[in-house]
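Student: Task: produce atomic coordinates for the following.
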Amino acid sequence: MANELTSDARRATTWSIVLSVLMIAAGVLAIGAPTIAGVAVTVIVGWLLLFSAVLHLVFAWRGGRAGAVVWEILLGVLYGVIGFYILANPVVGLQSLTFAVAVYLFIEGILEFFLSFQLRPAPGSGWLLFDGIVTLALAILIWSAWPSNATWVVGTLVGISMLFSGITRLMLSLSVRRIVA
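Tutor: Purely as a prediction, here's the structure:
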């Protein structure tokens with residue numbers, strides 16, 4: 001039983017290490033080509049909005065009340081219009097996305113900060129604190145120069161965040177692996 005648990009933990013940490021290295025590599029690529037990465041992220045967001053629009057419209061027909069159907073249709077249309085706009089003008093959509101990324105990074109940094117204190121006695125929890133501080137600093141950097149930095153900031157800062165998140169996850173995975181071994 002103990003050997004089976006150890007084997008499962010090693011397998012899970014191996015996958016975690018592999019995914020961490022891939023996250024680090026993706027972060028480095030995004031930092032190296034920030035405009036391309038920013039436009040790519042914007043296009044992905046546009047497609048996700050279109051997909052959400054379709055889901056809202058499909059869900060509208062399953063709603064029981066007329067009010068629920070109307071709200072789902074309105075949400076579906078709103079998501080669809082924004083998604084089409086972003087896909088038609090990804091560079092322009094990048095400005096809005098830059099602001100959204102700042103908000104996202106700010107919330108992520110706060111959550112990682114609190115998680116580091118919850119996991120404080122665990123080995124490697126200091127890396128979460130470090131990641132939270134770096135992520136908060138990135139959010140502040142975006143806000144301080146927005147919107148003039150919209151063409152490069154999303155790719156660069158998301159790349160930096162992915163790099164540090166990958167390093168954090170790698171360090172946590174290695175810590176867990178040392179405990180299990």
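Student: and residue 115, what does it touch?
Tutor: 128, 132 (Cβ atoms under 8 Å, 6 or more residues apart in numbering). In this view, the C-beta of every residue, glycine as well, is placed from N, C-alpha and C.
Student: Name the helix or strand for it, please.
Tutor: helix 90-118 (DSSP states H and E).
Student: What is the subsequent helix or strand relative to that helix?
Tutor: Next along from helix 90-118, by DSSP H and E: helix 125-145.
Student: show me the residues around residue 80 that make contact.
Tutor: Going by Cβ under 8 Å, 6+ apart, residue 80 touches 49, 50, 53, 54, 57.
Student: farthest-separated two in those residues?
Tutor: Farthest-apart pair in the contacts of residue 80 is 49 and 57; separation 12.7 Å (Cβ to Cβ).
Student: thinking again about what came up before, from the contacts of residue 80, which land in helices?
Tutor: The helices, defined by DSSP state H, take in 49, 50, 53, 54, 57 from the contacts of residue 80.
Student: The closest residue in space to the second one that isn't next to it in sequence: helix or strand, and which one exactly?
Tutor: The shortest distance from residue 50 to any non-neighbouring residue, by Cβ to Cβ, 6 or more residues apart in numbering, is to residue 83 (3.8 Å). With the criterion set as DSSP H and E, the secondary-structure element containing residue 83 is helix 66-88.
Student: Just give me the neighbour total for the residue nearest to residue 50.
Tutor: Neighbour count of residue 83, defined by other Cβ atoms under 10 Å: 21.
Student: my read: it touches residue 53, true?
Tutor: Yes. With contact defined as Cβ atoms under 8 Å, residue 83 and residue 53 form a contacting pair (5.9 Å).
Student: Any stretches of the protein with poor pLDDT?
Tutor: Residues of the chain meeting the criterion pLDDT under 70: 1-2, 63-64, 181.
Student: can we see that at 50?
Tutor: Counting by pLDDT under 50, the chain has no low-confidence residues at all.
Student: Okay, and the closest residue to residue 130 other than its chain neighbours sits in which element?
Tutor: Once flanking residues are discounted, residue 130 sits nearest to residue 168: 7.1 Å by Cβ to Cβ, 6+ apart. Using DSSP H and E, the element containing residue 168 is helix 150-180.
Student: Okay, angle between that helix and helix 90-118 too, please.
Tutor: Orientation check (axes from the mean of the first three to the mean of the last three Cα atoms, to 10 degrees): helix 150-180 against helix 90-118 gives 30 degrees.
Student: Can you list the helices and strands that helix 150-180 packs against?
Tutor: In terms of contacts (3 or more Cβ pairs under 8 Å, 6 or more residues apart in numbering; DSSP states H and E), helix 150-180 is packed against helix 2-32, helix 34-60, helix 90-118, helix 125-145.
Student: Check which helices and strands the longest one sits against.
Tutor: Under the contact criterion of 3+ Cβ pairs under 8 Å, 6+ apart, the helices and strands touching helix 2-32 comprise helix 150-180.
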